[in-house]
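Visitor: sequence isn't available, so here's the structure alone:
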């Protein structure tokens, strides 16, 4: 139990606690936005920290073209048509605007 929720429950403000908790859940994480891509959308993919050479390496690479799977997973291919080896989740992708 964190300090905020302990303070609110000790004061008897249970309704306010539920409201704050629900607001925090709604606003947390990029995956909660429900980002969806269409087939052939151009996206950038987020590189993992261990794949970066140094702190000045680009955090996002691309653009890539999407192929939709299910449950928020996508296969990527280069603009020339070459396949990228694994599937990618929506939390690791963002739209590419050219």
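Guide: Okay, I see it. Since the structure is predicted, the reported quantities are computational estimates derived from the model, not experimental observations.
Visitor: list the pairing partners of the lengthiest strand in the chain within its sheet, with orientation.
Guide: In the chain, with assignment by DSSP state E, the single longest strand is strand 60-68. Paired neighbours of strand 60-68 in the sheet (DSSP bridges): strand 42-46 (antiparallel), strand 73-77 (antiparallel).
Visitor: can you put those strands in CSV and add mean neighbour count?
Guide: Heads up, the C-betas are built off the backbone N, CA and C, glycines and all. Formatted as CSV, these follow (neighbours: other C-beta atoms under 10 Å):
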stretch, mean neighbour count
strand 42-46, 18
strand 73-77, 17
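Visitor: now do stretch 57-75, average pLDDT.
Guide: Mean pLDDT, stretch 57-75: 88.
Visitor: now residue 88: how far from residue 40?
Guide: Distance of residue 88 to residue 40, computed by C-beta to C-beta, to the nearest Å: 15 Å.
Visitor: comparing these two, which residue is more hemmed in?
Guide: Ranked by neighbour count (other C-beta atoms under 10 Å), residue 88 and residue 40 place residue 88 first, with 20 against 10.
Visitor: so which helix or strand takes in the more buried one?
Guide: Assigning secondary structure by DSSP states H and E places residue 88 in strand 83-89.
Visitor: strands paired with that strand, and their directions?
Guide: Take DSSP bridges as the rule and strand 83-89 pairs in its sheet with strand 73-77 (antiparallel).
Visitor: what lies in contact with the strand it pairs with?
Guide: 37, 43, 45, 64-69, 83-84, 87-90, 93 (C-beta atoms under 8 Å, 6 or more residues apart in numbering).
Visitor: same thing but at 7 Å, please
Guide: For strand 73-77, contacts defined as C-beta atoms under 7 Å, 6 or more residues apart in numbering pick out 37, 45, 64-69, 83-84, 87-89, 93.
Visitor: got TSV for these, with distance to residue 54 too?
Guide: Shown next, in TSV, are the contacts of strand 73-77 (distance: C-beta to C-beta, whole Å):
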residue	distance to residue 54
37	30
45	19
64	23
65	29
66	29
67	32
68	34
69	33
83	28
84	23
87	28
88	24
89	26
93	24
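Visitor: now the buried members of these.
Guide: Neighbour-count burial (16 or more other C-beta atoms under 10 Å) is assigned, among the contacts of strand 73-77, to 37, 45, 64, 65, 66, 67, 84, 88, 93.
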